[in-house]
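> What shape does this take:
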Amino acid sequence: MELRHLRYFVAIAEEENFRRAAEKLHVSQSPLSRQMQQLEEEIGAELFEPSGRGVKLTPAGRLLLDRAKAILSDVDAAAREVKETAEGQIGTVTIGFESGSAYVGPLSTILTRFRKQAPRVNVELVPMSSAQQWDALGAGQISLGYGNYVPDDSSLESVVLARHRLGIVVPKQHPLATASRIKVKDLATEPMLMDPRKSNPRLYDDIIAAVRARGVTLNVTAEILDGEALLTLVASGFGLTFGAEPAARFLAVGTAIWKPVSDLGLEMRNIAMWRPDAQSLLLRPLIDLVRDEARRARATGQAKGNPT
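Okay, the predicted model is just below:
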């Protein structure tokens, strides 16, 4: 049994006439009749019986009609999905991202535009460090990376989407919250809460090195993996933490605030990265939006230069 047998059978059943079915299918009536004879022989049952100048379905034919329509519908749907997948209209894009940087950075703007362009493409976000993203891109586990550091892997392409000053997050009742200027030395006696080094080792090491360069050793009293828990402890007065400037808007709803540290000299960058040799039709529109956002950021001074 072939799909054309089922298509011919459904046409005859709907038209209740071999001649009209042949005209609808753009085939000759004689080959159509032979096809139905072959189908009946293969099934071992008569599918049609005479009715006036046409035909009608037998009980076996009525059963086959329902099954045939379902089969043809599934085949047509599968063909459409395969075609749309090949054309990049449907599928899934997996993006690795640095925890704490996705919501307040340009990623949400990019994905909003991407959703309008490709409404049937799913997006999965997977938290991982920049270094983990480089490995995941090389292994084909993610399609796009969104991290804080330029890839060490020269086979990866990347662009800077934004640069933000790194400062501190303090409770609103803390004396530093009203200070006109904060310097690294002001942190020397403060209890500090940090993300665990393993979650973002480069940033952790950069912070430690920057404060040591100013003659200060941080008093790290705890490392907190969960971002909400970390901010809650800071807001409750258990210590201070470091954060990028966009956190100021995010913190406005709570009881902690972001403050710059004038001589810290660190910034958080939002960097998109991908494998140039792995750009499918599904991913290409997203990469175009990333490049467009990078150009806009450079034009407005939010990002300078290109790390690649």
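> Next, count neighbours for residue 217.
Using other CB atoms under 10 Å, residue 217 is surrounded by 10 other residues. Quick note: C-beta positions are derived from backbone N, CA and C, even for glycine.
> residues in contact with it?
188, 211 (CB atoms under 8 Å, 6 or more residues apart in numbering).
> so it is in which element?
Under the criterion DSSP states H and E, no helix or strand holds residue 217.
> now do the one 5 residues further on
Here residue 222 is covered by strand 219-223, with elements defined by DSSP H and E.
> could you pull out the strands for the stretch 101-250 of the chain?
Along the stretch 101-250 of the chain, counting by DSSP state E, counting those that start in this stretch, strands occupy 121-127, 144-147, 157-171, 191-194, 219-223, 241-244.
> separation between residue 200 and residue 149?
Between residue 200 and residue 149 the distance is 9 Å, computed by CB to CB, to the nearest Å.
> no no, residue 64
62 Å.
> Do you know the pLDDT at the nearest residue to residue 32 once chain neighbours are set aside?
Leaving aside its sequence neighbours, residue 32 sits nearest to residue 22 (CB to CB, 6 or more residues apart in numbering; 4.9 Å). pLDDT, residue 22: 90.
> follow-up on the earlier one: output the strand holding residue 222 in PDB, but only the C-alpha positions, please.
Extracted in PDB, the C-alpha atoms of strand 219-223 (Å, rounded to 0.1, in the frame of the first residue of the first chain):
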ATOM      1  CA  ASN A 219      36.500  40.000  54.600                       C
ATOM      2  CA  VAL A 220      34.400  37.400  52.700                       C
ATOM      3  CA  THR A 221      32.100  36.000  55.400                       C
ATOM      4  CA  ALA A 222      30.000  33.800  53.100                       C
ATOM      5  CA  GLU A 223      29.600  32.600  49.500                       C
END
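> Buried ones in it, by neighbour count?
For strand 219-223, burial by neighbour count (16 or more other CB atoms under 10 Å) applies to residue 220.
> Average pLDDT for the helix ranked longest in the chain, rounded please.
Taking DSSP state H as the criterion, the chain has its longest helix at helix 59-86. Across helix 59-86, the average pLDDT comes to 84.
> Next secondary structure element downstream of it?
Using DSSP H and E, the helix or strand that directly follows helix 59-86 along the chain is strand 91-97.
> Does that next one pack against any helices or strands, and if so which?
With contacts taken as 3 or more CB pairs under 8 Å, 6 or more residues apart in numbering; DSSP states H and E, strand 91-97 sits against strand 121-127, helix 130-138, strand 144-147.
> Report the angle between the second one and strand 121-127.
The directions of helix 130-138 and strand 121-127 differ by 140 degrees, with axes from the mean of the first three to the mean of the last three CA atoms, to 10 degrees as the criterion.
> So what touches helix 130-138?
Contacts for helix 130-138 (CB under 8 Å, 6+ apart): 96, 98, 126, 128, 142, 145-149, 151-153, 155-156, 200-202, 271, 273-275, 278.
> Which residue is the nearest non-sequential neighbour of the most centrally placed residue in the chain?
When CA atoms, centre = their mean is applied to the chain, the residue found nearest the centroid is residue 123 (3.0 Å). Distances taken as CB to CB, 6+ apart place residue 93 nearest to residue 123, at 5.3 Å, with adjacent residues excluded.
> my read: that neighbour touches residue 285, true?
No. Applying CB atoms under 8 Å as the test, residue 93 and residue 285 come out as separate, 9.7 Å apart.
> Compare those two (neighbour count), which wins?
Counted by other CB under 10 Å, residue 93 and residue 285 do not tie: residue 93 has more neighbours, with 21 against 16.
> dump the residue contacts of that one.
121, 122, 123, 124, 143, 144, 282, 283, 286.
> and what of residue 157?
Neighbouring residues of residue 157 by CB under 8 Å, 6+ apart: 273, 274, 275, 276, 308.
> Any stretches of this structure with poor pLDDT?
Low-confidence segments of the chain (pLDDT under 70): 84-89, 279, 302-308.
> Please name the residues that touch the residue of it positioned farthest from its centre.
Ranked by distance from the centre of the chain (CA atoms, centre = their mean), the top residue is residue 52, with 60.1 Å. Counting by CB under 8 Å, 6+ apart, residue 52 makes contact with nothing.
> before we move on, the earlier item: JSON lines for the strands of the stretch 101-250 of the chain, including distance to residue 184?
Listed next are the strands of the stretch 101-250 of the chain as JSON lines, based on distance: least, CB to CB, whole Å:
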{"stretch": "strand 121-127", "distance to residue 184": "29"}
{"stretch": "strand 144-147", "distance to residue 184": "25"}
{"stretch": "strand 157-171", "distance to residue 184": "10"}
{"stretch": "strand 191-194", "distance to residue 184": "12"}
{"stretch": "strand 219-223", "distance to residue 184": "13"}
{"stretch": "strand 241-244", "distance to residue 184": "11"}
